[in-house]
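[1] just a sequence and a predicted model for now, questions to come.
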Amino acid sequence: MNPLTEIYRDSQLLVVHKPAGLLMHRSPIDRHETEFALQYARSMNGGAHVYPVHRLDRPTSGIVLFARDQATARVLGLAMMAGEFKKTYLALVRGWAPEQGVIDHPLREEPEDRRLKGEEQPVRPALTRYRCLATTELPVSIERYPTSRYSLVELKPETGRKHQLRRHMKHISHPIIGDANHGRGRHNRYFAERFGYGRLMLAATELELSHPATGEALRFSAPPEESFRTVLEIFEQDTVTG
């Protein structure tokens, strides 16, 4: 069964929803894996090659764009590097986030190959805009307080650094729930135990761009998958503000 869900298709583009837990393509970090979004997208394209224009980390779910030919991939790649794509994510974070803000915090590049981690990597500009959509306070003591606070935030990255959203939210002390590398272990464990599974609470929900052939403005959207929406029940069942 193909885990990808088709959102849009024409002669040049294929837009899909990728579930959390699925790798985009082969990686030196996960050599044992045999299933990839690229492989499934190719099967949706009649077995013909497709070209990922951007990617999502393995634990992140949401919208992914593939080009169906190499020329289109080049055009879209240039448009993305020029900042012409608009991406929107939803994230569940620890604490009550400010109403809105901009995180302008350069990030050191993280190499794909772990063997390069000891080498000095360049620092690149990185900027993320965010907006708080809702907050909740749960009657559970996870750290040193009798209750625990969380926010649902909308994130709009204006650059595309590796793990940018996770690292930026940690930078402002509102780490994303389920983030094993940049988050808070106690909070991650609480959600995993409460809902019976652990996942990164980050989903790519909107993508805007111009069609590479016609210039038509395109906007694609997809709601978070069920495993994400289930966790958001905390904003309905408990004390909510915002």
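    Done, it's in.

[2] pLDDT (mean, whole number) over the longest strand seen in the chain?
    Longest strand of the chain, by residue count under DSSP state E: strand 127-138. Over the span of strand 127-138, the pLDDT mean works out to 97.

[3] strands of this structure, start to end?
    5-9, 13-18, 51-52, 61-67, 86-94, 100-104, 107-108, 123-124, 127-138, 148-157, 202-210, 217-221, 239-241.

[4] closest one to Glu35 among those?
    strand 13-18 (11.6 Å; C-beta to C-beta). The C-beta positions use only the backbone N, C-alpha and C, and glycine is treated the same way.

[5] and the residue sitting furthest away from the middle of the chain, how far from Val140?
    Within the chain, the residue lying farthest from the chain centre (C-alpha atoms, centre = their mean) is Pro146, at 30.8 Å. Distance from Pro146 to Val140, counting by C-beta to C-beta, to the nearest Å: 9 Å.

[6] who's in contact with the residue farthest from the centre of the chain?
    Pro139 (C-beta atoms under 8 Å, 6 or more residues apart in numbering).

[7] mind redoing it with 10 Å?
    Contacts for Pro146 (C-beta atoms under 10 Å, 6 or more residues apart in numbering) come out as 139-140.

[8] just the one 3 residues further on next, same as before
    Residues near Arg149 by C-beta under 10 Å, 6+ apart: 93-97, 135-138, 174, 239, 241.

[9] buried ones only from the residues you listed, please, as a ChimeraX command.
    Restricted to buried positions by 16 or more other C-beta atoms under 10 Å, the ChimeraX selection for the contacts of Arg149 reads:
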select :93,94,95,96,97,135,136,137,138,174
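
[10] output the contacts of Arg149 in CSV; the columns should cover distance to Arg42.
    Output for the contacts of Arg149, formatted as CSV (distance: C-beta to C-beta, whole Å):
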residue, distance to Arg42
Val93, 35
Arg94, 38
Gly95, 41
Trp96, 44
Ala97, 39
Thr135, 42
Thr136, 41
Glu137, 46
Leu138, 43
His174, 38
Thr239, 47
Thr241, 46
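
[11] show me which pair in the contacts of Arg149 is furthest apart.
    His174 and Thr239 (18.6 Å).

[12] any idea how far Arg124 is from Pro224?
    Between Arg124 and Pro224 the distance is 28 Å, computed by C-beta to C-beta.

[13] go through the strands of the chain and find the least confident stretch.
    Taking the mean pLDDT of the strands of the chain, strand 239-241 comes last: a mean of 43.

[14] how many neighbours does Ile176 have?
    A count of neighbours around Ile176, defined by other C-beta atoms under 10 Å, yields 28.

[15] show me how far stretch 164-178 is from its chain's centre.
    Mean C-alpha position of stretch 164-178 versus that of the full chain (C-alpha atoms, centre = their mean, to the nearest Å) differs by 12 Å.

[16] endpoints of that stretch, how far apart?
    15 Å (C-alpha to C-alpha, to the nearest Å).

[17] model confidence over it, on average?
    97.

[18] just to revisit the earlier point, neighbour count winner among Arg124 and Pro224?
    Pro224 (22 against 14).

[19] torsion angles phi and psi at the more buried one?
    phi -60, psi 150 (degrees, to the nearest 10).

[20] and the residue nearest to Gly178 when sequence neighbours are not counted, how many neighbours?
    Nearest-residue entry for Gly178: Leu200, 4.1 Å, with adjacent residues in sequence omitted and distances by C-beta to C-beta, 6 or more residues apart in numbering. Residues near Leu200, counting by other C-beta under 10 Å, number 25.
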